[in-house]
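**Student:** sequence-free structure coming up:
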């Protein structure tokens, strides 16, 4: 018996789907709010989640990424009364099983549920212990685990794989892990840097040449494609491949045969193709810069590698690993990282991704020389400046929010104490739940000193319940909620302005919204 969670604010739809699910022999659990659904998904195990889009407390699509992190890893089906192309794209890209409209027949609504359950049962039945050799890829975040799940799937077959992602995310490492875990691991892993192929020798470099085929060819050369026989041919930055070579590669992919430059016979090579790019190949196809038929051949299986800003919990792990690697190769031994060094790393957005992080740690170790602990002062100047600016902007944003209060922002303790005083927090004696005053924050009047002015907030006094003085974690969480709620009110839900005031990236701000179950559009 499978367990299915229905999250929909329409009681008739909830009842209808629940009855059908029970009729099919499964267990149904239903709720009418996103927050309730999120708690159920994390507290209990479900095989499938049916998620409505337009809910009274937010947009279901915003909850989708969080649901995918639930321990039971349920299949998620989006159900909506008002379908649109953008919503469908967001849902599919976020990992939804399907996107269906409520107006269709019950049969059409039930079919995706049955298919999702069949898929899940097969996946669980066939999933043995996957011993993925992944030493090259460091991280335990849900984002990188999802990527590794795809790597495990692709490693079990011999299909062509296209790895996509920003510069520096580690696409080459994913390609190597694919090779090491596939049945061609005993063969060669041959890298073709498509961005640096010499124009006059590209054909020769790839397909080889016969002796005397051109000036300087005093000996024959088998070429990179032949070197990859029984192994993996990795086309790095395949988006930079010249158009004339794209046509040649298409034929090689189709027939697995080619003719060396100046050669008189066809040569075969049995290899697996893995390609990587940071470019939008679909857009390049539309602009006539990349062959559509070649893209179809390369993208049999697609793996998207997330940017580091979407897996910030991995930053300290990657840094610690790199410090350990350098320590093993250094006479000075393994260094430690101070807490403020780690904090500086996690406060930077890493536009250059993992590559930039590794270079920064290497540089810090070089500057530290024989010191045994790394501190922020050892980091590159541009990173320290960026972090300092973000901290200053965050402080300035806090001062703006607390306009009318006589404080000089500058320390975390001052900021947090004033943030905590920004709302009337009440705790129930049993759970310590956070309760806001009715209509918060819109019901807060301007302070007496600012009578007649606009934008100033007179913030109620903090009150604690019977549970005593709170611990720092709960206190910080409440301060974050107070800040975010006030920030939404202050910016009227303008996320771009909110990011600027808070000194945060858009992804970081949305991560905080998600952490506390806040929808900036619904909280105004």
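**Tutor:** Good, I have the coordinates. Fair warning: this is a prediction, and the values are worked out from it, not measured in the lab.
**Student:** residue ranges with poor pLDDT in the chain?
**Tutor:** Within the chain, the set of residues satisfying pLDDT under 70 comprises 83-85, 124-131, 329-334, 392-475, 507, 521-524.
**Student:** that one - how does it break down into domains?
**Tutor:** Domain assignment for the chain by automatic domain parsing gives 3-126, 143-306, 309-379, 394-515.
**Student:** JSON lines for those, including mean neighbour count?
**Tutor:** In this view, the C-beta of every residue, glycine as well, is placed from N, C-alpha and C. Shown next, in JSON lines, are the domains of the chain (neighbours: other C-beta atoms under 10 Å):
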{"stretch": "domain 3-126", "mean neighbour count": "17"}
{"stretch": "domain 143-306", "mean neighbour count": "17"}
{"stretch": "domain 309-379", "mean neighbour count": "17"}
{"stretch": "domain 394-515", "mean neighbour count": "16"}
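**Student:** and those domains: which comes nearest residue 388?
**Tutor:** domain 309-379 (9.3 Å; C-beta to C-beta).
**Student:** what's the closest of the domains of the chain to residue 136?
**Tutor:** Checking the domains of the chain against residue 136 by C-beta to C-beta gives domain 143-306 as the closest, at 4.5 Å.
**Student:** quick one, phi psi at the residue nearest the centre of the chain?
**Tutor:** Centrality entry for the chain: nearest residue to the mean C-alpha point is residue 310, 4.0 Å, by C-alpha atoms, centre = their mean. Backbone torsions for residue 310, taken as degrees, to the nearest 10, come to phi -100, psi 0.
**Student:** quick check: it touching residue 143?
**Tutor:** Yes. A contact is recorded between residue 310 and residue 143 when judged using C-beta atoms under 8 Å, the distance being 5.2 Å.
**Student:** where do the helices of the stretch 1-150 of the chain begin and end?
**Tutor:** Using DSSP state H, counting those that start in this stretch, the helices of the stretch 1-150 of the chain run over residues 11-23, 34-43, 60-67, 85-93, 106-126, 142-155.
**Student:** out of those, the one nearest residue 292 is which?
**Tutor:** Closest among these, using C-beta to C-beta: helix 85-93, at 19.9 Å.
**Student:** report the inter-axis angle for that closest one versus helix 60-67.
**Tutor:** 10 degrees (axes from the mean of the first three to the mean of the last three C-alpha atoms, to 10 degrees).
**Student:** residue 22 versus the nearest residue to residue 259 once chain neighbours are set aside, what's the distance?
**Tutor:** Take residue 259 and drop its neighbours on the chain: the residue closest to it by C-beta to C-beta, 6 or more residues apart in numbering is residue 266, 5.6 Å away. To residue 22, residue 266 is 63 Å away according to C-beta to C-beta, to the nearest Å.
**Student:** same question, residue 37
**Tutor:** To residue 22, residue 37 is 19 Å away according to C-beta to C-beta.
**Student:** returning to that earlier point: how close does the residue nearest to the centre of the chain get to residue 304?
**Tutor:** Distance, residue 310 to residue 304, by C-beta to C-beta: 11 Å.
**Student:** contacting residues around residue 88?
**Tutor:** By C-beta atoms under 8 Å, 6 or more residues apart in numbering, the contact set of residue 88 is 78, 99.
**Student:** please redo it, this time with the cut-off set to 7 Å
**Tutor:** Neighbour list for residue 88: residue 99 [criterion: C-beta atoms under 7 Å, 6 or more residues apart in numbering].
**Student:** before we move on, what about residue 231?
**Tutor:** 184, 187, 188, 189, 190, 271.
**Student:** let's see which of those end up in strands.
**Tutor:** Among these, the members falling in strands (DSSP state E) are 189, 190.
**Student:** my guess is the residue nearest to residue 259 meets residue 256, correct?
**Tutor:** No. In this structure, residue 266 is not within contact of residue 256 by C-beta atoms under 7 Å, at 10.2 Å.
**Student:** now residue 317. Nearest residue, chain neighbours left out?
**Tutor:** residue 138 is the one closest to residue 317 (C-beta to C-beta, 6+ apart), at 5.4 Å.
**Student:** what of residue 350?
**Tutor:** residue 308 (4.4 Å).
**Student:** then residue 376?
**Tutor:** Spatial nearest neighbour of residue 376, chain neighbours left out: residue 344 (4.4 Å); criterion: C-beta to C-beta, 6+ apart.
**Student:** assumed the one you found was part of a helix.
**Tutor:** Yes. The assignment for residue 344 by DSSP: H, G, I helix; E, B strand; the rest coil puts it in a helix.
**Student:** going along the chain, name the strands of the stretch 101-250 of the chain.
**Tutor:** 161-164, 189-193, 232-236 (DSSP state E, counting those that start in this stretch).
**Student:** which one, of those strands, ends up nearest to residue 292?
**Tutor:** Nearest of the strands of the stretch 101-250 of the chain (C-beta to C-beta): strand 161-164, 13.6 Å.
**Student:** that closest one pairs with which strands?
**Tutor:** strand 272-277 (parallel), strand 301-304 (parallel) (DSSP bridges).
**Student:** now distance to residue 233 too, for those strands, in CSV please.
**Tutor:** CSV is the format used below for the strands paired with strand 161-164 (distance: least, C-beta to C-beta, whole Å):
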stretch, distance to residue 233
strand 272-277, 6
strand 301-304, 15
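**Student:** nearest to residue 17, of those strands?
**Tutor:** strand 301-304 (31.5 Å).
**Student:** and the helix or strand following the closest one, what does it pack onto?
**Tutor:** Using DSSP states H and E, the helix or strand that follows strand 301-304 in sequence is helix 315-328. Helix 315-328 sits against strand 336-337, helix 339-346, helix 353-368, with contacts defined as 3 or more C-beta pairs under 7 Å, 6 or more residues apart in numbering; DSSP states H and E.
**Student:** out of these, flag the one nearest residue 376.
**Tutor:** Between residue 376 and the helices and strands packed on helix 315-328, the tightest spacing by C-beta to C-beta is seen for helix 339-346, at 4.4 Å.
**Student:** residues in contact with the residue nearest to residue 212 when sequence neighbours are not counted?
**Tutor:** Spatially, and ignoring its direct neighbours in sequence, residue 212 is nearest to residue 262 (7.0 Å; C-beta to C-beta, 6+ apart). Residues near residue 262 by C-beta under 7 Å, 6+ apart: 209, 210, 213, 214.
**Student:** same thing but at 6 Å, please
**Tutor:** Residues near residue 262 by C-beta atoms under 6 Å, 6 or more residues apart in numbering: 209, 210, 213.
**Student:** residue contacts, the second one?
**Tutor:** Spelled out, that is residue 210. 220, 260, 262, 263.
**Student:** next up, the contacts around residue 369.
**Tutor:** Residue 369 touches nothing, counting by C-beta under 6 Å, 6+ apart.
**Student:** can you give me the distance of residue 304 to residue 337?
**Tutor:** Distance from residue 304 to residue 337, by C-beta to C-beta: 30 Å.
**Student:** can you check residue 175 too?
**Tutor:** Remark: distance between residue 175 and residue 337 (C-beta to C-beta) = 29 Å.
**Student:** ok, and the closest non-adjacent residue to residue 112?
**Tutor:** The shortest distance from residue 112 to any non-neighbouring residue, by C-beta to C-beta, 6+ apart, is to residue 98 (4.2 Å).
**Student:** look up which residues are beta-bridged to the one you found.
**Tutor:** Under DSSP bridges, the beta-bridge partners of residue 98 are residue 77.
**Student:** any idea how far it is from residue 40?
**Tutor:** For residue 98 relative to residue 40 (C-beta to C-beta), the value is 21 Å.
**Student:** over to residue 2?
**Tutor:** From residue 2 to residue 40 the distance is 15 Å (C-beta to C-beta).
**Student:** still on that earlier bit, columns distance to residue 359 on top of the contacts of residue 231, output as a markdown table?
**Tutor:** What follows is the contacts of residue 231, written out as a markdown table (distance: C-beta to C-beta, whole Å):
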| residue | distance to residue 359 |
| --- | --- |
| 184 | 31 |
| 187 | 31 |
| 188 | 28 |
| 189 | 24 |
| 190 | 26 |
| 271 | 32 |
